[in-house]
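>>> I would like the atomic coordinates for the input below:
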Amino acid sequence: MDKRLIAGILIFGSLWGFSEVIIGSTLSNLGLPSGAMMTGFFAIFFLLISRLTFRQPGMQLGMGLIAATLRMFNPLMGCHICSAIAIMAEAMVFEIIWYYLSFDFEKHKNLTVQISLGIFTVYSLYVSGYIITQILTPVVDGTGFYFGNLMAILPKILSNGLLPAFIGGAITPAIIMLSKIDLTIKDRIYYPTTLITSTFCWITVVGSWLMVG
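This is a model prediction of the structure:
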């Protein structure tokens, strides 16, 4: 695998996990819809900008694994397992949606198409992540999954997906425009920057987790 790609997976995955822990937890403590805002702003940003930059299917699964692992070290209260599962689910769903879209970027020039892609992608990420979390979390923690419990909250899940969908539709054109800017960085700067930034994310989160624990 290309070294620049590996470095990209590391830094984008670390930044995603870092934002979930620090920003997501802060939004939640403030009583804001943290899940919707994290998916609508941060998840779609890291997933989409990495896909548009590297154009490498499979990259986002690696990012999701890193972000989900880092999310497990959240020093603050909350459901660590369900959040990690949601992150992995979002990465997986993104890979499915954008597998073919990644090979023909000419289709993304129209603003209406960009907004529609953002709405559809983010809505799918949020709803799928929420549903998969509701299924797998009780299986992992041993309480057992009951189909009736999922059906009881399904309308809420579907309606809650509207906010992140609209956010995603609004920022997707900006992400696509940003990806077109030539920000090529020389290897002698790229690799140290990637390592330092990723290390900072991990030391901050894991260090805080150790102190709280």
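
>>> Every contact and neighbour count from this point should use C-alpha atoms.
Fine.

>>> List the buried residues in the helix or strand bottoming out on mean pLDDT in the chain.
Of all helical and strand segments in the chain, the minimum by mean pLDDT, DSSP states H and E falls on helix 25-29, at a mean of 87. The neighbour-count check on helix 25-29 (16 or more other Cα atoms under 10 Å) flags 25, 27 as buried.

>>> do the same with stretch 68-84
By 16+ other Cα under 10 Å, the buried positions in stretch 68-84 come out as 68-76, 80-84.

>>> Now the terminal residues of that stretch, how far apart.
Distance across stretch 68-84, first residue to last, is 4 Å (Cα to Cα, to the nearest Å).

>>> Show me what the least confident helix or strand of the chain is packed against.
helix 34-37 (3 or more Cα pairs under 8 Å, 6 or more residues apart in numbering; DSSP states H and E).

>>> Quick one: distance of the least confident helix or strand of the chain to the chain centre.
Taking the mean of its C-alpha atoms, helix 25-29 sits 17 Å from the chain's own mean (Cα atoms, centre = their mean, to the nearest Å).

>>> Take that helix, keep the C-alpha atoms, and write them as PDB.
What follows is helix 25-29 as a C-alpha-only set of coordinates in PDB (Å, rounded to 0.1, in the frame of the first residue of the first chain):
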ATOM      1  CA  SER A  25     -18.600  15.100  24.100                       C
ATOM      2  CA  THR A  26     -18.700  18.800  24.600                       C
ATOM      3  CA  LEU A  27     -21.700  19.200  22.400                       C
ATOM      4  CA  SER A  28     -23.400  16.400  24.300                       C
ATOM      5  CA  ASN A  29     -22.700  18.000  27.600                       C
END
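
>>> List the contacts of that helix.
Residues from elsewhere that reach helix 25-29 (Cα atoms under 8 Å, 6 or more residues apart in numbering): 33-34, 76.

>>> on that earlier part again, in helices only, show me the buried residues of stretch 68-84.
The helices, defined by DSSP state H, take in 68-71, 80-84 from these.

>>> could you point out where the protein is predicted with low confidence?
Scanning the chain for pLDDT under 70 picks out the ranges 1, 77-78, 102-108, 182-183, 213.

>>> need the longest helix for it.
helix 111-140.

>>> any idea how far the nearest residue to Thr69 once chain neighbours are set aside is from Arg51?
Using Cα to Cα, 6 or more residues apart in numbering and skipping the chain neighbours, the partner closest in space to Thr69 is Ala84 (6.9 Å). Distance, Ala84 to Arg51, using Cα to Cα: 21 Å.

>>> do the same with Ile203
For Ile203 relative to Arg51 (Cα to Cα), the value is 26 Å.

>>> Tell me which of the two has more neighbours.
Neighbours were counted for Ile203 and for Arg51 using other Cα atoms under 10 Å; Arg51 has more, 22 against 11.

>>> And that one, which helix or strand is it part of?
helix 44-54 (DSSP states H and E).

>>> Enumerate residues external to that helix that contact any of its residues.
Contacts of helix 44-54 (Cα under 8 Å, 6+ apart): 5, 8, 12-13, 16, 57, 59-60, 91, 94, 102, 122, 168, 172, 175-176, 179.
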